[in-house]
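**Student:** predicted model, plus sequence, below.
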Amino acid sequence: MKQILYKLFDHQYLGRKEASTLLKRIACNEYTDAQVASLITVFLMRSITIEELTGFKEALLDMSHVVDLKGTKVIDIVGTGGDGKNTFNISTCASFVVAAAGYPVVKHGNYGATSVSGASNVIEQHGVKFSNDNDSILRSLDRCNMAFLHAPLFNPAMKAIAPIRKSLGVRTFFNLLGPLINPALPAYQLLGVYNLSMQRLYGYAYQKSNIKATVVFSLDGYDEISLTSPFKVVTSQNEKIYTPEELGFKTHSQNSLNGGNTIEEAVVCFDNVLQNKALPEQKNVVVANAGFAINTICPEKTIENCLEEARLSLESGKALDIFKKFVVLNS
């Protein structure tokens with residue numbers, strides 16, 4: 001590790017294979033926490049390259065627990081995290097909305113590292129037991145159109161690094177890797193990022209993959225469509241900046257999206273959205289993200305029609321029904 005650190009301190013970059021080997025050795029606990037923290041700090045001080053990102057991603061996928069979906073094409077809805085906004089679990093809510101609208105979802109998530117509640121926190125609080133059993137995943141997907149993959153059960157390197165990420169409490173390059181290492185290898189992905197340079201980076205990364213992805217960034221710094229500002233959407237076909245108003249929404253206040261100070265408060269917010277009892281701003285932001293996820297799967301549909309599908313899924317109670325079935329199947 002010393003040679004790697006000296007190289008990086010000297011403003012050099014890792015090759016793809018070098019990055020892959022490094023991360024595999026981290027997963028095998030060959031380095032001290034201080035050494036890994038130093039490595040993480042380097043990537044806080046400068047941007048990661050495509051070669052480094054690809055090497056890290058390939059290492060994690062090589063070591064991941066394989067998920068076989070028997071050819072089912074699914075979508076993953078996820079944010080990089082690290083935006084410092086402490087929103088409620090928007091992408092997790094949107095996942096159940098999309099599933100209830102008729103589109104298979106396999107969400108890959110973890111406990112919160114830089115926010116109060118990650119996807120795993122809020123799902124576990126409802127009594128869900130995490131599993132990496134392939135038959136259980138397929139059963140959940142078949143019966144409720146939704147499966148959840150708790151990252152540490154599938155990605156040993158992520159599990160090994162978790163205590164260091166938690167103690168640092170800041171975004172790291174592992175935030176960048178999380179969306180790329182869903183072991184179900186989804187055909188589609190809606191990804192939220194926390195700045196424009198990251199949006200460009202992922203745009204290039206997806207060009208080198210088979211995933212049809214939509215990368216979103218709200219211009220006031222949210223790693224999702226927050227409706228608190230204009231937001232930029234990047235696909236393989238085009239790039240466009242939207243305002244909330246042109247999609248029929250109002251611009252919302254940032255306070256309306258806060259997830260609270262405890263996991264319990266985050267759970268209440270999550271439940272209120274699915275029960276159609278949340279603030280209009282909270283429901284709208286879930287509808288917006290779910291709508292763009294549907295549009296990722298069905299680009300031939302207008303975004304207005306996709307948003308309407310998402311709103312109907314939520315407000316009809318279908319999303320809540322799907323969530324209840326999911327909890328029963330996975331408890």
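**Tutor:** The structure has been received and is ready for your questions.

**Student:** quick one, domains of this structure?
**Tutor:** 2-63, 75-329 (automatic domain parsing).

**Student:** which one of the ones you listed is the most hemmed in?
**Tutor:** Ranked by mean neighbour count, the domains of the chain are led by domain 75-329 with a mean of 20 (mean count of other Cβ atoms under 10 Å). C-beta coordinates here come from the backbone N, C-alpha and C atoms, glycine included.

**Student:** identify whichever of the domains of the chain lies nearest to Leu69.
**Tutor:** Closest to Leu69 of the domains of the chain, according to Cβ to Cβ: domain 75-329, at 5.7 Å.

**Student:** give me the distance between the two termini of the closest one.
**Tutor:** Taking Cα to Cα, to the nearest Å, the first and last residues of domain 75-329 lie 20 Å apart.

**Student:** go on, stretch 224-241?
**Tutor:** First residue to last in stretch 224-241 (Cα to Cα) measures 13 Å.

**Student:** just stretch 258-265 next, same as before
**Tutor:** End residues of stretch 258-265 are separated by 10 Å (Cα to Cα).

**Student:** outside of it, which residues touch it?
**Tutor:** When contacts are defined by Cβ atoms under 8 Å, 6 or more residues apart in numbering, stretch 258-265 is touched by residues 86-89, 115-117, 121-122, 125, 266, 268-269.

**Student:** how does it look with 7 Å?
**Tutor:** Stretch 258-265 is touched from outside by 86-89, 115-117, 121, 125, 266, 269, with contacts defined as Cβ atoms under 7 Å, 6 or more residues apart in numbering.

**Student:** could I get the average pLDDT for that stretch?
**Tutor:** Per-residue pLDDT over stretch 258-265 has a mean of 90.

**Student:** same thing with stretch 221-228?
**Tutor:** The average pLDDT within stretch 221-228 is 95.

**Student:** dump the domains of the chain to TSV, plus distance to Leu69.
**Tutor:** Converted to TSV, those look like this (distance: least, Cβ to Cβ, whole Å):
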stretch	distance to Leu69
domain 2-63	15
domain 75-329	6
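
**Student:** can you give me the strands for this structure?
**Tutor:** 75-79, 105-109, 146-150, 188-192, 212-218, 231-234, 239-242 (DSSP state E).

**Student:** Serialize those strands to CSV and add fields for distance to Ser140.
**Tutor:** Compiled in CSV, those are given as follows (distance: least, Cβ to Cβ, whole Å):
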stretch, distance to Ser140
strand 75-79, 15
strand 105-109, 9
strand 146-150, 4
strand 188-192, 18
strand 212-218, 23
strand 231-234, 30
strand 239-242, 33
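
**Student:** any chance of CSV for those, columns mean pLDDT?
**Tutor:** Conversion of these to CSV gives the following (pLDDT from 0 to 100):
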stretch, mean pLDDT
strand 75-79, 95
strand 105-109, 96
strand 146-150, 97
strand 188-192, 97
strand 212-218, 96
strand 231-234, 97
strand 239-242, 97
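
**Student:** who wins for proximity to Lys325 among the ones you listed?
**Tutor:** strand 146-150 (8.4 Å).

**Student:** state the pLDDT value of Lys324.
**Tutor:** Here the pLDDT value assigned to Lys324 is 98.

**Student:** check Thr114 too.
**Tutor:** pLDDT for Thr114: 63.
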